[in-house]
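# A structural model of the following input is requested.
(2 chains)
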Amino acid sequence: NAGVTQTPKFRILKIGQSMTLQCTQDMNHNYMYWYRQDPGMGLKLIYYSVGAGITDKGEVPNGYNVSRSTTEDFPLRLELAAPSQTSVYFCASSYKVPDTQYFGPGTRLTVL
Amino acid sequence: AQSVTQLGSHVSVSEGALVLLRCNYSSSVPPYLFWYVQYPNQGLQLLLKYTSAATLVKGINGFEAEFKKSETSFHLTKPSAHMSDAAEYFCAVSLFSGSARQLTFGSGTQLTVLP
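From the prediction side, this is the model:
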């Protein structure tokens, strides 16, 4: 049981480039989340999903897009990367709400 | 709107001393409260959670927290700090938004354990 996995672990992007952060969970959780973590700011919710085909915006969705075609996968798309998107990104999942969220190891993204 | 305040962005204790990390919340409805720990270069993992059952909640690694409604607090304690407790700790409160409850995180407290 791998839990929540994220790829890549690290990435450097140039301004204006695009990329997709991958997230997969093998716990059959309905709920999945994307957060960004900036120093001294805690975690901010970008997008979340309550099941395949259903997504919704969180607190800081601008500049990001998501899709959820399967229960297991919840990719996060960055279009036209900007330096303000330099951050550590965490994917998480939970079986129900409110309940414990299980986090992946994170993706450290730098936009130069 | 729900919010979480963690008092003290950095806390240092000596090995063997009491650990006390403070968390206050605001919520218009009975909250669910969580403490997560993050070790360097890792994701967050759950220490303990309060879900309206017993007000004193015991978690992993000897940590516990007490829900005090009158003080709107959920402070994290451990009687005797160990070097391995050095990490960042996040308090979180449930937030109902749309069809799913979401977690609102505090800004975190970095715990340093001195030998």
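# could you measure A:Lys14 against chain B, distance?
For A:Lys14, the distance to chain B equals 24 Å [C-beta to the nearest C-beta, to the nearest Å]. (Each C-beta comes from the backbone N, C-alpha and C, glycine too.)
# burial of the nearest residue to that residue once chain neighbours are set aside, as a residue count?
Nearest non-adjacent residue to A:Lys14, counting by C-beta to C-beta, 6 or more residues apart in numbering or on different chains: A:Leu112, 6.1 Å away. By other C-beta atoms under 10 Å in any protein chain shown, 10 other residues sit near A:Leu112.
# which strand is the longest one in chain B?
strand B:87-97 (DSSP state E).
# anything in it near chain A?
Yes: counting by C-beta under 8 Å from any C-beta of the partner chain, chain A has neighbours in strand B:87-97: B:Phe90, B:Ser94.
# average pLDDT for that strand?
Average pLDDT, strand B:87-97: 83.
# so what strands line up beside it?
Looking at strand B:87-97 with DSSP bridges, its partner strands are strand B:33-38 (antiparallel), strand B:100-105 (antiparallel), strand B:109-114 (antiparallel).
# closest to A:Met32 out of those?
Shortest separation from A:Met32 across the strands paired with strand B:87-97 is recorded for strand B:100-105, at 10.2 Å, computed as C-beta to C-beta.
# need the contact list for residue 3.
With no chain named, the answer covers chain A. Applying C-beta atoms under 8 Å, 6 or more residues apart in numbering or on different chains, one finds that A:Gly3 lies in contact with A:Gln25, A:Asp26, A:Met27, A:Tyr102, A:Gly104.
# my bad, chain B
Neighbour list for B:Ser3: B:Tyr25, B:Ser26, B:Val93, B:Thr104 [criterion: C-beta under 8 Å, 6+ apart].
# can you select the buried ones from those in ChimeraX?
If you want just the buried ones from these in ChimeraX, going by 16 or more other C-beta atoms under 10 Å in any protein chain shown, the selection is:
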select /B:25,93,104
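# let me know the closest of the contacts of B:Ser3 to chain A.
Proximity of the contacts of B:Ser3 to chain A (C-beta to the nearest C-beta) peaks at B:Thr104, which lies at 8.3 Å.
# circling back to that earlier point, could I get the strands paired with strand B:87-97 as TSV with mean pLDDT?
Converted to TSV, the strands paired with strand B:87-97 look like this (pLDDT from 0 to 100):
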stretch	mean pLDDT
strand B:33-38	94
strand B:100-105	74
strand B:109-114	96
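# need these in TSV (columns: distance to B:Lys58).
Formatted as TSV, those follow (distance: least, C-beta to C-beta, whole Å):
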stretch	distance to B:Lys58
strand B:33-38	11
strand B:100-105	21
strand B:109-114	19
